[in-house]
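In: Let me see the structure of the following:
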Amino acid sequence: MYQQRPPVPPPEPGPHRGQGPERDPDRAARVAVRVLGAVFVAAVAVAVVLVVWR
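Out: Take a look at the predicted model:
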């Protein structure tokens, strides 16, 4: 049967006064993972193009 999950507490209010991601390590880590993933995908695409065009 369906189990009701407890309500998720709202996220903690962080320092949102115009400070950059360096004030929020979680956000900085997420941004770094996204940037590294994009760089990896771009590198794979370039490698595939180079292999195919040779």
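
In: Ala45 - how many residues pack around it?
Out: 10 (other C-beta atoms under 10 Å). In this view, the C-beta of every residue, glycine as well, is placed from N, C-alpha and C.

In: cool, and Arg27?
Out: When counting by other C-beta under 10 Å, one arrives at 13 neighbours for Arg27.

In: Same check on the one 3 residues further on?
Out: By other C-beta under 10 Å, the residues close to Arg30 number 12.

In: Now it: which helix or strand?
Out: If you go by DSSP states H and E, Arg30 is part of helix 25-53.

In: what's the answer for Arg5, then?
Out: Using DSSP H and E, no helix or strand contains Arg5.

In: Check the burial of it by counting its neighbours.
Out: Neighbours around Arg5, by other C-beta under 10 Å: 6.

In: Tell me the backbone dihedrals of it, please.
Out: With angles defined as degrees, to the nearest 10, Arg5 sits at phi -80, psi 150.
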